[in-house]
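> Got a predicted structure plus its sequence, pasted below:
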Amino acid sequence: MMTELFRLAEVATVFNGKTPSKAEQRETGFPVLKIKNVSENGEFRGTFTSFVDETLAKKYSARWVKSGDTLILNAAHNADYVASKLFLASNKVEGTLPTGEWLLVRPDTQKIIPEYLHYWLRSPETCKTIRFIVKGIHLYPKDVAELTLHIPPIPEQRRIVDILSRAEGIVRLRREAQKKAAEIIPALFIDMFGDPATNPKGWPTRKVADFVTRFEGGKNIQAGSGNGSDYRILR
């Protein structure tokens, strides 16, 4: 497969959002996309909690979110959390004002499709590289723009995205099944045995000591050489 190596700046525009001051924020008006409006899994939560006047928003229209942008958390109280949240913008958030804690990567769709770029930004190798270029507790657009990536032709990009999308769908279904199981199992237990705290079924109670032969703590022992004994220490 033929690929070419590009600087990110050659195939996308990288810039920060704009955080309105506290005095500029309103209870209604033009929506502002905050970090908390996106889940840890990179999904829009469905509601906005901050707004500004449309006149103010229009001053920063070049920074409005577009469908296909990838948004990256670019600042946090701890460096470990920088770039820990990535979000592929959909039409649900298009035309909103992102706060300055978002770094936006806007693809040139003539060269790279948004989903391909998003999957590359989310890849473990790229995430590791991004964390390496974090300065203090900030991730700067100029540094992200200098990252390099291999880009195949558009048809191959679509094929790769299709495979990754299907794999991600399987993972999502598994996650949902695990969540439902976590909700159902406690409910089944309570249905069968009642709530252990209130004991509505009137089960007889016993002390643990009544059915445990012995309680005994471990022992801290200085480890010897690996060939000194057949016995091992469980730490």
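On my side now, so go ahead.
> Poorly predicted segments of the chain, please.
Residues of the chain meeting the criterion pLDDT under 70: 1-2, 223-228.
> now the strands for it?
4-7, 12-16, 25-26, 30-33, 50-52, 70-73, 86-88, 97-98, 102-107, 148-151 (DSSP state E).
> name the helices or strands packed onto the second one?
The contact analysis (3 or more CB pairs under 8 Å, 6 or more residues apart in numbering; DSSP states H and E) places strand 12-16 against strand 102-107, helix 141-144. C-beta here means a position set from N, CA and C on the backbone, and glycine is covered the same way.
> okay, those, which one's buried deepest?
Compared across those, strand 102-107 shows the largest average neighbour count, a mean of 24 (mean count of other CB atoms under 10 Å).
> Give me the number of neighbouring residues for residue 178.
10 (other CB atoms under 10 Å).
> can you check residue 42 too?
14.
> Hmm, it is touching residue 84, no?
No. In this structure, residue 42 is not within contact of residue 84 by CB atoms under 8 Å, at 10.4 Å.
> correct me, but residue 201 touches residue 194?
Yes. Contact criterion CB under 8 Å: residue 201 and residue 194 qualify, at 3.9 Å.
> Who has more neighbours out of the two?
More crowded of residue 201 and residue 194, by other CB under 10 Å: residue 194, with 14 against 10.
> In contact with residue 25, which residues are there?
32, 50-52 (CB atoms under 8 Å, 6 or more residues apart in numbering).
> 7 Å - rerun?
Listed by CB atoms under 7 Å, 6 or more residues apart in numbering, the contact set of residue 25 reads 50-52.
> beta partners for it?
Counting by DSSP bridges, residue 25 forms beta bridges with residue 52.
> May I see the buried residues of the lengthiest helix in the chain?
For the chain, the helix that runs over the most residues, judged by DSSP state H, is helix 154-193. Within helix 154-193, the residues that count as buried by 16 or more other CB atoms under 10 Å are 157, 160-161, 164.
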